[in-house]
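[1] here is a sequence together with a model predicted from it:
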Amino acid sequence: MKLPLVDYTFKLFQKTNFENVLLIAVQHVLESNLNMFEYLFKKGLRPENIFLLGKCYSTSKETLDNFRKKGVNVSEGSLKYNSHLAFDKQFELEVKGFLKFIQNKVNFKDYDKVLLVDDGGYLIYSVNLLIKETANIIGIEQTSSGYNKLKNIPLKFPVLNVARSKAKLEFESPFVASLVIKKFLFKIKEYNLNPKKVLIIWSGAIGKEIFNLLKNKWDIQIYDIQQNLSSFGKIQLEDIISEFDLIIGTTGSEVINEKDFDKLKKGAILISASSSDREFSAVNLRKLVPEIRDCHKDIYVKNIWLFNSGFPLNFDGNKNSISPQKIQLTRALMLSAICLAKEKKYENKFIELDINIQKLIIKRFNKTNYKLW
């Protein structure tokens, strides 16, 4: 598959070599990520020096098998799911077990650098807590939820902050927002649902994009804890949720909990557009039905619709979430961060992704013409 933006970024780092690098990754096991790793193979990264853990809701079984065919060590935990447990608790234990397995296989001191490529902060958090010798370790964090998990802890090694980079926030968010909309429109048609009033929780990058794409078509409002960004001023969320037919959570944290379920409007639809299953305390709704194996199943219980079992609607188990051509901006940013992590030395703190590299990638990206719909 040709990804010209990733190819362009690859050429920006002609001399970067990964021959004696250990790369540990918590990433979505998707085709576009495999494409990115193939560029690293060209730079000398050995597949046997990669340990990869995916998340059940964003792992493509087909892509997982393809990673293994390349020789990458992919954890069985990438597909593990228990519908009656909160995903974060499951995944925290999975990451610790994953890390322990790696420590039994390799010695970090044997490598020039150990790169932690993280999505959600759990890997970097665990290494920061459990590993004493960190001189050759550097992290790369991809998500805002991961940044929020890590931002208040003293870091023992540098972490490149792709999550909050201008390029990712401004250019990835429209694609994610449009995909979430496309999928929920399909689902409400499938179930013959007709929501009238829509609430978006949090006016972050994705929340704003969803609002802007729907504001001329739906009766839609935003709730935010910052009163100047909220449609409701000082009014609390719990006092307004009964008014809405469809609620879209974009915060990356729990905004509706178990005690709020009875306040929801009959037939209310809950949709996550963030990460994990934490927006709506989804596990407490899943516990009300028999245990299910499919983390993408839509659930109707207590007169509430929980789409995609509470997981982000943009992931459905297929080999791509957003098309590789559209998500290649994120892959290019991640590839640049991985190359910079190999080449540079940084202080033990969050490091902004090189702004000049961002500008070059954005300039090239702007020459493309990828439509949202």
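    Happy to help now that I have it.

[2] which parts of the protein are strands?
    21-26, 50-53, 73-74, 113-118, 137-141, 159-161, 197-201, 219-223, 246-249, 268-272, 299-301, 304-306, 350-352 (DSSP state E).

[3] okay if I get these as a markdown table plus mean neighbour count?
    C-beta here means a position set from N, CA and C on the backbone, and glycine is covered the same way. Below are these laid out as a markdown table (neighbours: other Cβ atoms under 10 Å):
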| stretch | mean neighbour count |
| --- | --- |
| strand 21-26 | 24 |
| strand 50-53 | 24 |
| strand 73-74 | 20 |
| strand 113-118 | 25 |
| strand 137-141 | 27 |
| strand 159-161 | 26 |
| strand 197-201 | 23 |
| strand 219-223 | 19 |
| strand 246-249 | 26 |
| strand 268-272 | 25 |
| strand 299-301 | 16 |
| strand 304-306 | 23 |
| strand 350-352 | 17 |
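
[4] any chance of those strands in CSV, plus mean pLDDT and distance to residue 10?
    Listed next are the strands of the chain as CSV, based on pLDDT from 0 to 100; distance: least, Cβ to Cβ, whole Å:
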stretch, mean pLDDT, distance to residue 10
strand 21-26, 98, 16
strand 50-53, 98, 17
strand 73-74, 98, 23
strand 113-118, 98, 16
strand 137-141, 98, 16
strand 159-161, 97, 17
strand 197-201, 98, 37
strand 219-223, 97, 39
strand 246-249, 98, 36
strand 268-272, 98, 33
strand 299-301, 98, 42
strand 304-306, 98, 41
strand 350-352, 97, 21
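
[5] mind putting these into CSV with distance to residue 81?
    Below are these laid out as CSV (distance: least, Cβ to Cβ, whole Å):
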stretch, distance to residue 81
strand 21-26, 16
strand 50-53, 14
strand 73-74, 16
strand 113-118, 20
strand 137-141, 24
strand 159-161, 28
strand 197-201, 25
strand 219-223, 30
strand 246-249, 20
strand 268-272, 16
strand 299-301, 14
strand 304-306, 15
strand 350-352, 31
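
[6] which among the ones you listed is found nearest to residue 83?
    The closest approach between residue 83 and any of the strands of the chain, judged by Cβ to Cβ, belongs to strand 299-301 at 9.0 Å.

[7] what helices or strands is the closest one leaning on?
    Contact partners of strand 299-301 among helices and strands, from 3 or more Cβ pairs under 8 Å, 6 or more residues apart in numbering; DSSP states H and E: helix 282-286, strand 304-306.

[8] show me the one of those that comes nearest residue 272.
    The nearest among the helices and strands packed on strand 299-301, by Cβ to Cβ, is helix 282-286 at 7.7 Å.

[9] just how off-centre is the helix or strand of the chain with the lowest mean pLDDT within its chain?
    Counting by mean pLDDT, DSSP states H and E, the weakest-scoring helix or strand in the chain turns out to be helix 166-171, with a mean of 86. Its chain's C-alpha centre and that of helix 166-171 lie 14 Å apart, by Cα atoms, centre = their mean, to the nearest Å.

[10] how about stretch 6-14?
    Mean-position distance between stretch 6-14 and its chain equals 24 Å (Cα atoms, centre = their mean).

[11] which residues does that stretch contact?
    For stretch 6-14, contacts defined as Cβ atoms under 8 Å, 6 or more residues apart in numbering pick out 35-36, 39, 42-43, 328, 331-332, 335-336, 339, 343, 357, 360-361, 364.

[12] are any of the residues you listed buried, and which?
    Among the contacts of stretch 6-14, those buried by neighbour count (16 or more other Cβ atoms under 10 Å) are 35-36, 39, 43, 328, 331-332, 335-336, 339, 357, 360-361, 364.

[13] how about the helices in the stretch 1-150 of the chain?
    Taking DSSP state H, counting those that start in this stretch as the test, the helices found in the stretch 1-150 of the chain are 4-12, 31-42, 61-69, 87-105, 122-130, 144-150.

[14] just the buried positions in the first one, please.
    Along helix 4-12, these residues count as buried under the neighbour rule (16+ other Cβ under 10 Å): 5-6, 8-10.

[15] for the fourth one, same thing?
    Going by neighbour count (16+ other Cβ under 10 Å), the buried part of helix 87-105 is 87-88, 90-91, 94-95, 98-99, 102.
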